[in-house]
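In: Here is my input, please return the structure:
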Amino acid sequence: MANRAGRRERAISEQRAAERGGSARGGSVRGPLLASLVVAAASAGAAYAYGPQPAPKKSTTTVRTAAAAETCTASGTSPKRQLRGVWIATVHNSDWPSRTGLTPARQRAEYVEILDNAVKRRLNAVFVQVRPASDAIYASTLEPWSQFLTGTPGKDPGWDPLPFLISEAHKRGLEFQAWFNPYRAAYTTDVSALPAGHPARVHPEWTVKHEGRLYYNPGLPEVRAWVAKVVTDVVRRYDVDGVHFDDYFYPYPGNGTRFADAAAFAKYGKGAKLADWRRDNVNKLVAQVSGAVHGTKPYVKFGISPFGIWRNKSNDPKGSDTNGMSAYDAIYADAKAWIRAGSVDYLIPQLYWPRGFSAADYDALVPWWAEAVRGSDVDLYIGQALYRVGTKDTPAWTKPAEMPSHLTVNRRYPEVKGDVYFSASGLAANPLGVLDRIAKNHYTRPALLPVIKGLPAAVPAVPAGLKNTAGNLTWTAAPQARAYGVYRVTGENGDCATVDARHLVAVVPADDRPAYTAKESGEYYVTALDRLNNESAPARVTVALP
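Out: Numbers count the residues shown, from 1 in each chain. Okay, the predicted model is just below:
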């Protein structure tokens with residue numbers, strides 16, 4: 001398989017050539033809610049520190065630390081690297097802001113509360129919806145202000161939220177990914193109701209009216225170029241850590257109305273079958289956006305959260321042992337093609353069904369997705385249906401142990417490197433106490449973010465000037481550091497302190513005067529982490545408290 005850097009160079013070249021030559025999701029907040037029906041038919045700058053825990057059983061995985069000449073054994077149940085994220089939906093004011101017309105101060109306060117809940121739940125990433133439907137939750141010259149800020153499409157809210165959204169996340173050690181919906185143009189087919197200058201008004205030929213909504217036509221090169229331009233604008237102007245697409249490509253099946261792209265198909269189909277052409281359109285967009293993102297800032301991640309079923313085994317021997325809607329056939333999203341092309345850095349399949357669910361069994365889907373990414377450079381995280389916990393959709397969701405058991409299943413597959421929860425409103429609600437269970441049994445320690453192959457991998461310098469003053473650890477701020485890992489060891493070989501999370505006591509967000517207050521005696525090791533969580537070798541200091 002060609003390496004990712006080479007693929008990205010080609011993707012960037014294709015994106016630039018296209019620029020030179022070119023001129024909650026679905027009816028409900030979140031597409032998987034519809035899809036499930038189809039299938040059935042602490043404070044800013046604070047360290048994340050937790051107390052001691054019993055050492056779990058060790059796995060047979062071995063690694064060699066930078067400081068050790070011996071082999072260290074890592075715990076399979078205390079992974080040091082794990083993405084723990086949450087989606088924050090702005091569409092229909094689902095998560096933030098809670099309603100339209102709030103003052104900027106109230107909007108800021110609500111967002112900070114969400115982030116503090118994320119930290120409380122020991123998460124380390126947020127996926128914030130910045131473009132619900134060809135609109136902007138940020139100051140843009142390309143698309144109008146989102147109606148979900150003020151209640152009026154195109155109305156200036158009086159501030160640019162995005163710098164604040166990003167900086168507050170970073171202050172708390174949370175990675176910030178900007179979430180875009182690529183093809184949704186408006187929640188109305190009345191183009192005259194859109195703000196003046198809206199791209200769908202300027203270019204009505206880009207759009208398709210479909211079942212009461214307006215979509216950009218994925219079959220048009222101009223549409224792909226526009227989406228890439230919008231994404232590039234955000235990546236260039238804001239300090240985002242990632243670009244994220246959800247599962248909305250071609251519209252989900254609704255009332256059976258044909259998507260009116262016949263003219264584009266006649267012009268660009270070139271003899272292909274309609275379904276293959278549609279999938280190729282989506283693949284081209286994914287590759288083009290990937291090239292645009294990495295060509296602008298190589299360290300920014302790009303990933304997608306596809307619908308949880310690629311294809312069913314009954315239709316394709318390579319598919320999963322399921323019997324639900326197929327993303328490949330229904331919305332023309334071919335996640336396996338993106339894996340083969342290396343055009344995504346990660347995937348977050350939305351596995352929004354419980355274990356044992358006959359049409360789409362979680363226990364069948366996790367190993368299928370693990371196999372799909374195996375041997376590739378694409379990271380795999382699992383989308384979890386926090387919004388369904390406590391509902392009566394199926395009996396399993398009434399049981400507090402159901403969602404925590406998903407994370408236990410994930411441990412069997414090393415390809416699964418984390419989970420993302422839909423959505424932020426559930427962080428405060430904590431339905432059936434599941435987040436408490438997850439924190440107690442799965443998130444007992446902080447976690448560093450996974451390091452994705454193919455992204456910049458320079459190792460930061462060892463933290464300088466580490467010293468202990470009566471248990472107060474301080475060190476010199478490193479320019480390249482986004483955060484610092486703090487480990488504590490007693491009575492063990494400290495050379496293996498950083499191999500897993502058993503000794504990880506805190507992840508300290510970077511500031512001008514980094515520090516950590518030790519609560520117990522021991523040998524402390526401090527490492528520097530860059531924005532991609534590449535980790536330095538440790539500095540060491542001894543703490544002896546009275």
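In: Any idea how far apart the tips of stretch 193-210 sit?
Out: End-to-end span of stretch 193-210 (CA to CA, to the nearest Å): 16 Å.
In: If we go by neighbour counts, what in that stretch is buried?
Out: Neighbour-count burial for stretch 193-210 flags L194, P195, H198, P199, A200, R201, H203, W206, T207, V208, K209, H210 (criterion: 16 or more other CB atoms under 10 Å). Quick note: C-beta positions are derived from backbone N, CA and C, even for glycine.
In: Which of those residues fall in helices?
Out: P199, A200, R201 (DSSP state H).
In: Check which element follows the strand or helix carrying A439 along the chain.
Out: With secondary structure defined by DSSP states H and E, A439 is part of helix 434-441. Remark: after helix 434-441, the chain's next helix or strand is strand 467-469, criterion DSSP H and E.
In: Can you give the distance of that following strand from its chain's centre?
Out: 37 Å (CA atoms, centre = their mean, to the nearest Å).
In: about what we covered before: kindly reformat the ones in helices among the buried residues of stretch 193-210 as a markdown table and extend each row with distance to D495.
Out: Shown next, in a markdown table, are these (distance: CB to CB, whole Å):
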| residue | distance to D495 |
| --- | --- |
| P199 | 57 |
| A200 | 60 |
| R201 | 64 |
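In: Could you double-check that R121 lies in contact with L427?
Out: Yes - using CB atoms under 8 Å, R121 is in contact with L427, at 5.8 Å.
In: and which of the ones in helices among the buried residues of stretch 193-210 is nearest to P538?
Out: Here the nearest of those to P538, counting by CB to CB, is P199; it sits at 50.4 Å.
In: okay, the closest one: pLDDT?
Out: Here, the pLDDT recorded for P199 equals 98.
In: tell me the contacts of it?
Out: The contact partners of P199, taken as CB atoms under 8 Å, 6 or more residues apart in numbering, are S134, L142, E143, A185, W206, W226.
In: ok, 10 Å please
Out: If you count contacts by CB atoms under 10 Å, 6 or more residues apart in numbering, P199 has them with 134, 142-144, 185, 206-207, 216, 222-223, 226, 229-230.
In: where are the low-confidence patches of the protein?
Out: 1-70 (pLDDT under 70).
In: I'd guessed A510 sits against T476; true?
Out: No - at 11.4 Å, A510 does not count as touching T476 under the criterion of CB atoms under 10 Å.
In: So for the two, which residue has more residues nearby?
Out: Shown here are A510 and T476; by other CB atoms under 10 Å, A510 has more neighbours (21 against 13).
In: distance of that one from S78?
Out: Distance, A510 to S78, using CB to CB, to the nearest Å: 24 Å.
In: Same check on S521?
Out: 22 Å.
In: Does the residue nearest the centre of the chain lie in a helix or a strand, and which?
Out: For the chain, F127 is the residue whose C-alpha lies nearest the centre (CA atoms, centre = their mean; 5.3 Å). According to DSSP H and E, F127 maps onto strand 125-131.
In: Common neighbours of R121 and L427, please.
Out: In contact with both R121 and L427: V86, Y421, L435, using CB under 10 Å, 6+ apart.
In: Let me see the contact set for the closest residue to the first one other than its chain neighbours.
Out: Distances taken as CB to CB, 6 or more residues apart in numbering place Y421 nearest to V86, at 4.9 Å, with adjacent residues excluded. Y421 sits next to 84-87, 118, 121, 123, 127, 382-387, 389, 403, 427, 434-435, 438 when contact means CB under 10 Å, 6+ apart.
In: In helices only, show me those residues.
Out: Per DSSP H, the contacts of Y421 map to helices at A118, M403, L427, V434, L435, I438.
In: Spatially nearest residue to W159, not counting backbone neighbours?
Out: P104 (4.6 Å).
In: do the same with K209
Out: T189 (4.2 Å).
In: Distance-wise, check that neighbour relative to T257.
Out: Counting by CB to CB, the gap from T189 to T257 is 12 Å.
In: Could you tell me the end-to-end distance of stretch 117-124?
Out: Counting by CA to CA, the length from the leading to the trailing residue of stretch 117-124 is 11 Å.
In: ugh, wrong one, I meant stretch 254-262
Out: First residue to last in stretch 254-262 (CA to CA) measures 19 Å.
In: again with stretch 241-248
Out: So stretch 241-248: terminal residues 22 Å apart, CA to CA.
In: Likewise for stretch 296-313?
Out: First residue to last in stretch 296-313 (CA to CA) measures 39 Å.
In: Can you list the buried residues in it?
Out: 296-297, 300-312.
In: Looking only at residue counts, what's the top helix in the protein?
Out: The residue-count maximum for a helix in the chain (DSSP H) belongs to helix 274-296.
In: For the next helix or strand after that helix, which strands pair with it and how are they oriented?
Out: Using DSSP H and E, the helix or strand that follows helix 274-296 towards the C-terminus is strand 301-304. Strand partners for strand 301-304, identified by DSSP bridges, are recorded as strand 242-245 (parallel), strand 346-347 (parallel).
In: Tabulate those in JSON lines, adding columns for mean neighbour count.
Out: Output for the strands paired with strand 301-304, formatted as JSON lines (neighbours: other CB atoms under 10 Å):
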{"stretch": "strand 242-245", "mean neighbour count": "24"}
{"stretch": "strand 346-347", "mean neighbour count": "24"}
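In: ok, the residue nearest to K209 - contacts?
Out: Taking CB under 10 Å, 6+ apart, we find T189 in contact with T207, V208, K209, H210, E211, G212, R213, L214, Y215.
In: try 7 Å
Out: By CB atoms under 7 Å, 6 or more residues apart in numbering, T189 lies in contact with K209, G212, R213, L214.
In: For the residues you listed, pick the one with the most neighbours.
Out: Counting neighbours by other CB under 10 Å, the top entry in the contacts of T189 is L214, with 24 neighbours.
In: where does that one fall, phi/psi-wise?
Out: Dihedral pair for L214: phi -110, psi 130, per degrees, to the nearest 10.
In: Show me the contacts of P199 that map onto helices.
Out: E222, V223, W226, K229, V230.
In: Checking my notes, the residue nearest to V86 in a strand, right?
Out: Yes - the assignment for Y421 (DSSP: H, G, I helix; E, B strand; the rest coil) places it in a strand.
In: That one pairs with what?
Out: V86, Q384.
In: in the stretch 101-250 of the chain, which spans are strands?
Out: Secondary structure of the stretch 101-250 of the chain (DSSP state E, counting those that start in this stretch): strands at 125-131, 175-180, 184-186, 207-210, 213-216, 242-245.
In: All good on my end, thank you.
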